[in-house]
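Q: No sequence on hand, only this structure:
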């Protein structure tokens, strides 16, 4: 359960991946939805995300690739997934 209501998300809130690594920030929010600027390598294949303000978890999030995303970017996502798998296998 989150410490605050999802509606409390404000621009500038920090986003962390499931490993606890900072992977981006919220740029805008409206109700239960937010738009963030995230590093692909840090979120693809890394599980659920947490949004935090002042070291307090205020929401959980997940990423998705929208249907309108250009297909040329699929190579970027595949690269990030492959890189994530290589990194995981080294641990």
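A: Looks like it arrived, so ask away. Keep in mind that this is a model prediction, so the values were computed, not measured.
Q: Every contact and neighbour count from this point should use C-alpha atoms.
A: Will do.
Q: which residues of the chain score low on pLDDT?
A: Applying pLDDT under 70 to the chain flags the ranges 1-7, 65, 69-74, 87-91.
Q: Counting residues, name the longest strand you see in it.
A: strand 22-30 (DSSP state E).
Q: contact partners of stretch 40-53?
A: For stretch 40-53, contacts defined as CA atoms under 8 Å, 6 or more residues apart in numbering pick out 9, 13-19, 21, 23, 57-63, 77, 80-81, 83-84.
Q: same check, this time on stretch 79-86
A: For stretch 79-86, the surrounding residues in contact (CA under 8 Å, 6+ apart) are 40, 41, 44, 45, 46.
Q: Tell me which residues of the longest strand of the chain come out buried.
A: Judged by neighbour count using 16 or more other CA atoms under 10 Å, the buried positions of strand 22-30 are 22, 23, 24, 25, 26, 27, 29.
Q: That strand pairs with which strands, and in what direction?
A: Looking at strand 22-30 with DSSP bridges, its partner strands are strand 14-16 (antiparallel), strand 33-38 (antiparallel).
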